[in-house]
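> just to be clear, the model below is a prediction. Sequence and coordinates:
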Amino acid sequence: MTLLEASAVETIYGPGCPDCLDATGDRAGTNQCPRCGTVVACAEADLDVAEGEVLGIVGESGSGKSSLAEALALERDPEATVNGEVSYAGHDGNLLEVDYQTRHDLRSRDISLVHQHIRDGLDLEFTGGGNVAEKLLSAGWRSYEDVRMRVRELFEETEIPVARMDDPARTYSGGMQRRVQIARALATDPDLIVLDEPTTGLDVSVQARVLDTFRRVQREEGVAAIVVSHDLGVVRLLADRTLVMRHGRIVESGLTDRVMEDPHHEYTQTLINSVI
């Protein structure tokens, strides 16, 4: 069953003009409109995510993958204009047009975002457990005992030492901070988690542990995910299907194995050859 479906999603920074879409994208070789200077971070993006599926979005820095993911996660940048249509199972209407309260409710219970930058996803002066508890309180949990028990369960599930639950998050290692973000994202049993560059700033050995933890939890919980990364290895490990983005457009899509082993677009071929 389709969980999320998106059509013609676009995120732009600037005033926009009638030439923006035609003058940007893969064929134009740029995401900045030469006429008005508007940056078309992503445009003409169509995709869907099934229940329990992992969709990978890959591309180099500036390809638009994070802008697309943030739009799908209902993350609002006040400087951006976001257009298009996003529908979500069990909810009526276009999610990009919902009011603040509906967006808050969706992000508290149904859709979670694991930020690329730790400081965007965690308050490092809070305890690790407090960061996760805050998500539960935002979703309406009120019993201290229930919140505490749920945080303990999530720490165990994501392999964070429960004994560190009341320590400030700033005292955690980078890998532990990333796993706290994952625990926080899982707190309210969402249907969809969006992970934006989940291995940024981590050593290779730590990356492997974080990814293995997420893959295990994702499969056990049956949660759907959108994984955004410039690292083909991350996407290959986690994703069932993959989208490739360049200059703000999706240039290739398909089953991950097919995209990695038989890329059709020249840019995808270049990406893959660069890591072989």
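Happy to help now that I have it.
> the stretch 101-250 of the chain: strands as residue ranges?
Ranges of strands in the stretch 101-250 of the chain, per DSSP state E, counting those that start in this stretch, are 111-114, 192-196, 224-229, 241-246, 249-255.
> look up the closest residue to Gly201, ignoring the ones flanking it.
If you skip the residues right next to it in sequence, Gly201 has Gly174 as its closest partner in space, 5.8 Å away by CB to CB, 6 or more residues apart in numbering. (Glycine included, C-beta is placed from N, CA and C.)
> that neighbour and Ile118 touch, don't they?
Yes: counting by CB atoms under 8 Å, Gly174 touches Ile118, with 7.3 Å between them.
> need the overlap of contacts for the two.
Each of Gly201 lies in contact with both Gly174 and Ile118 under the rule CB atoms under 8 Å, 6 or more residues apart in numbering.
> residue ranges of the helices in this protein, please?
Counting by DSSP state H, the chain has helices at residues 65-72, 100-109, 118-121, 128-138, 144-157, 174-186, 204-221, 232-238, 256-261, 266-275.
> how about CSV for those, with mean pLDDT added?
Putting the helices of the chain into CSV (pLDDT from 0 to 100) gives the following:
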stretch, mean pLDDT
helix 65-72, 95
helix 100-109, 92
helix 118-121, 88
helix 128-138, 95
helix 144-157, 96
helix 174-186, 93
helix 204-221, 89
helix 232-238, 93
helix 256-261, 96
helix 266-275, 88
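> any chance of those helices in TSV, plus distance to Glu197 and mean neighbour count?
What follows is the helices of the chain, written out as TSV (distance: least, CB to CB, whole Å; neighbours: other CB atoms under 10 Å):
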stretch	distance to Glu197	mean neighbour count
helix 65-72	7	26
helix 100-109	19	15
helix 118-121	11	15
helix 128-138	19	21
helix 144-157	22	16
helix 174-186	10	24
helix 204-221	11	16
helix 232-238	9	20
helix 256-261	18	17
helix 266-275	16	14
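> would a markdown table of those helices with distance to Thr24 be doable?
Output for those, formatted as a markdown table (distance: least, CB to CB, whole Å):
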| stretch | distance to Thr24 |
| --- | --- |
| helix 65-72 | 13 |
| helix 100-109 | 28 |
| helix 118-121 | 27 |
| helix 128-138 | 37 |
| helix 144-157 | 42 |
| helix 174-186 | 32 |
| helix 204-221 | 33 |
| helix 232-238 | 24 |
| helix 256-261 | 23 |
| helix 266-275 | 15 |
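> Asp167 is nearest to which of the ones you listed?
Nearest to Asp167 among the helices of the chain is helix 128-138 (6.3 Å), distances taken as CB to CB.
> return that closest one as PDB; C-alpha atoms alone will do.
Extracted C-alpha coordinates of helix 128-138, given in PDB (Å, rounded to 0.1, in the frame of the first residue of the first chain):
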ATOM      1  CA  GLY A 128      20.000  12.300  25.900                       C
ATOM      2  CA  GLY A 129      16.800  10.900  27.500                       C
ATOM      3  CA  GLY A 130      15.300  14.400  27.700                       C
ATOM      4  CA  ASN A 131      15.700  14.900  24.000                       C
ATOM      5  CA  VAL A 132      13.700  11.700  23.300                       C
ATOM      6  CA  ALA A 133      11.200  12.500  26.100                       C
ATOM      7  CA  GLU A 134      10.600  16.000  24.500                       C
ATOM      8  CA  LYS A 135       9.200  14.300  21.300                       C
ATOM      9  CA  LEU A 136       6.800  12.200  23.400                       C
ATOM     10  CA  LEU A 137       5.600  15.200  25.400                       C
ATOM     11  CA  SER A 138       5.000  17.100  22.100                       C
END
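> run through the neighbouring helices and strands of it.
Using 3 or more CB pairs under 8 Å, 6 or more residues apart in numbering; DSSP states H and E as the contact criterion, the elements in contact with helix 128-138 are helix 100-109, helix 144-157, helix 174-186.
> quick one: it to chain centroid distance?
Helix 128-138 has its average C-alpha position 20 Å from the chain's average C-alpha position, going by CA atoms, centre = their mean, to the nearest Å.
> what does that helix contact?
Contacts for helix 128-138 (CB under 8 Å, 6+ apart): 104, 108, 112, 122-123, 126, 147-148, 150-151, 154-155, 160, 164-169, 172, 176, 180, 183-185, 187-188.
> alright, that wraps it up for me.
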